[in-house]
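A.B. asks: sequence-free structure coming up:
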Ligand code: ADP
Ligand code: GLC
C-alpha cells in the first residue's frame, strides 16, 4: 500500500512529544511490512539542509489567492532504507526554532497559514514526484487540513482513489483560530459549516479533520471511549459519537530498538528480566550521583519525565500549597527525580522545592540521555495524568522494570495492571480520582510495598519487563493496515 504521513513532527528530525515517536515508529513498521510509506513535514531551523538532498526545481503551493514558492528537501528515515522523508522548506513559514510556537512561550499567531502551507504542499509534492498515495494519514490538528483538502478539493486533481485517515493524539489541542485565516486554507466558504470547520464562528482544525477523514483513530482503546463522553470529548464528543463506527483505538507501540534495557546504549549497565536487580542497582547509583542525591540503595527512588502542562496532573504534584510533592519527600523519605519542561509557574516551583528538599532533584529541559538513565535507575515512575491518550513513559517504565504509579485513564488504563496484594498480580499502582491526596496515598502504597514486600515487588518488576512483547509496533501496524483498508472501502 502507498501511504503518505503528513505531520508537524517526526523523530529524529523534530519532536515536541510522543506524536513524533509514534509517526516515525509506525512508518518504519509499515515500511518493514513491505509498504511504500513516505513522510512529509516542515523544514524547521533545527533540520540541517546540508544533510538532505534538494529536489530539483521549486514547489509552488497555493495559499489563498496567491502561489508561494517553496523548496523540497529529501532524506531517508534512519534505520529504514527506502523510507523517504520530505521537508517543505519555506523560510517565512518554518524558518523558526519552534514547531508550534516559541520554545517555552506562546503559539505562533500565524499557525493556520503555516500548516496550510504544509498540507497544501503535501498534495503539490505528490504531483511533483508523480506518486499518488492510497492513504493520506494526518496527525492532530496541524495536519487535519490535509484530510479536508483531500475530500473537498483534491479528488478531481488525481486523488479520487485516495482515502484520508486522521489520528487524534490529543483532543486538548484543537487549533482554534479567527476565521480571517480561512481564505488561506484552500477550501471554499461553503465548507465553513458546523459539520466541519465552524466552531462558534471560528476555525477549528481538529473538528474539520474529524468530519472529513474516512477513518478516525486514536492512540489507545480506552481513550477512544473517553473522547466520546462529555468529560473527555473537549466539545467534540457529539461528532465522535456520531462517527463511532469509523473510530478505532489502537495502542501505540514502543520502539524496542531504542527502549530495551538489554541493549540500551545510554545505560551504564544493561540488564534482562533475570539480571534486573543487579542492573537496576548499578543504574540507580549512577542516577543518584548524576542528580546529586545520596547514593543509597535502602531508599526508594521515584521519578517523572514529562511535559510540565496541566494534562499531566502537575498541579496535584507541584502546585504551591496544593500539590503533594513536599509531603511525599518529607513524609515518605523517598528520593524523587523530575525531568521536564513546560509551564513557567511549575518550573519556578520545582526550583523552589529543590531548595527545600535535599531528596528532590530536577533537571529542567529536554534530555534524551538522562531520560533513559531515569527509566533504568528508578524504582517507580509517577504519571498522574488528568487524561492520557496513550502515554509512552509508562510503557518504557514497565519494560525497564520501573513500576508505574498512574491514574487509571486512557492509555495508562490499557497498559498498567493494578497490583493485587492477595493474588500478587499486577504491574503497577493505580488510582482513579486526581487529587493530591490520592496521588500521595498511591505513592505511599508503592513505597510501602517496596519497603515491606520486596519479593512481591520484584515479582511485579520481572512480570513488567516481560510485558515487552505486548508493545511491539508490528501489532499496532497490522491494526492500522485494517483501518486503511476500511478507509479505502468507504472511498470506493
Ligand atoms: P506527550 O506526547 O503527551 O508528551 P508521551 O508519553 O506520549 O506524552 O510522550 C512523551 C515523550 O517525550 C516520551 O518519549 C518522553 O520520554 C519524552 N519526554 C518528555 N519530556 C522529556 C524531557 N524533558 N526530556 C527527555 N524526554 C522527554
Ligand atoms: C500525545 C498524547 C500522548 C500520546 C502521544 C503519541 O502527545 O498526549 O498520550 O502517547 O500523543 O500518540
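C.D. replies: That came through, no problem. Everything quoted here is computed from the prediction, not taken from an experiment. Ligands and ions are numbered 1, 2, ... in the order given.

A.B. asks: every contact and neighbour count from this point should use C-alpha atoms.
C.D. replies: Will do.

A.B. asks: which parts of the stretch 201-350 of the chain are strands?
C.D. replies: With DSSP state E, counting those that start in this stretch as the criterion, the stretch 201-350 of the chain has strands at 202-204, 215-218, 247-249, 301-308, 335-342.

A.B. asks: how about the last one and ligand 1, touching?
C.D. replies: In other words, strand 335-342. Yes - for strand 335-342 and ligand 1, the contact criterion (CA under 6 Å from any ligand atom) is met by 339-341.

A.B. asks: show the subsequent helix or strand relative to the helix or strand that contains residue 466.
C.D. replies: Assigned by DSSP states H and E, residue 466 falls within helix 454-466. The element immediately downstream of helix 454-466 (helix or strand, assigned by DSSP H and E) is helix 473-491.

A.B. asks: now that next one: average pLDDT?
C.D. replies: The pLDDT scores in helix 473-491 average 96.

A.B. asks: contact partners of that helix?
C.D. replies: 25-26, 29-30, 134-135, 161-165, 214-215, 248, 250-255 (CA atoms under 8 Å, 6 or more residues apart in numbering).

A.B. asks: keep only those of those residues that are in helices.
C.D. replies: Among the contacts of helix 473-491, the residues falling in helices (DSSP state H) are 25-26, 29-30.

A.B. asks: coming back round to it: restricted to buried residues, select the contacts of helix 473-491 in ChimeraX.
C.D. replies: In ChimeraX syntax, the buried subset of the contacts of helix 473-491 is picked out as below (16 or more other CA atoms under 10 Å):
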select :25,26,29,30,134,135,162,163,164,165,214,215,248,250,251,252,253,254,255
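
A.B. asks: hmm, back to that, tell me the most buried of the strands of the stretch 201-350 of the chain?
C.D. replies: Most buried of these, by mean neighbour count (mean count of other CA atoms under 10 Å): strand 215-218, with a mean of 26.

A.B. asks: spell out which residues of this protein are next to ligand 1.
C.D. replies: Taking CA under 6 Å from any ligand atom, the part of the chain that reaches ligand 1 is made up of 17-19, 305-307, 339-341, 365-368, 371, 391-393.

A.B. asks: quick one: strands adjacent to the least confident helix or strand in the chain by mean pLDDT?
C.D. replies: The least trusted helix or strand in the chain, going by mean pLDDT, DSSP states H and E, turns out to be strand 198-199, with a mean of 90. Partners of strand 198-199 in the sheet, by DSSP bridges, are strand 202-204 (antiparallel).

A.B. asks: for the strand it pairs with, what is the average pLDDT?
C.D. replies: Mean pLDDT, computed over strand 202-204, is 96.

A.B. asks: now swap in stretch 263-270 and tell me
C.D. replies: On average, the pLDDT along stretch 263-270 is 97.

A.B. asks: and it, how far apart are its ends?
C.D. replies: One end of stretch 263-270 to the other measures 6 Å (CA to CA, to the nearest Å).

A.B. asks: buried residues in it?
C.D. replies: In terms of neighbour count (16+ other CA under 10 Å), stretch 263-270 has its buried residues at 264, 266-270.

A.B. asks: sorry, back to before: how about JSON lines for the strands of the stretch 201-350 of the chain, with distance to ligand 2 added?
C.D. replies: Shown next, in JSON lines, are those (distance: least, CA to the nearest ligand atom, whole Å):
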{"stretch": "strand 202-204", "distance to ligand 2": "18"}
{"stretch": "strand 215-218", "distance to ligand 2": "8"}
{"stretch": "strand 247-249", "distance to ligand 2": "11"}
{"stretch": "strand 301-308", "distance to ligand 2": "9"}
{"stretch": "strand 335-342", "distance to ligand 2": "14"}
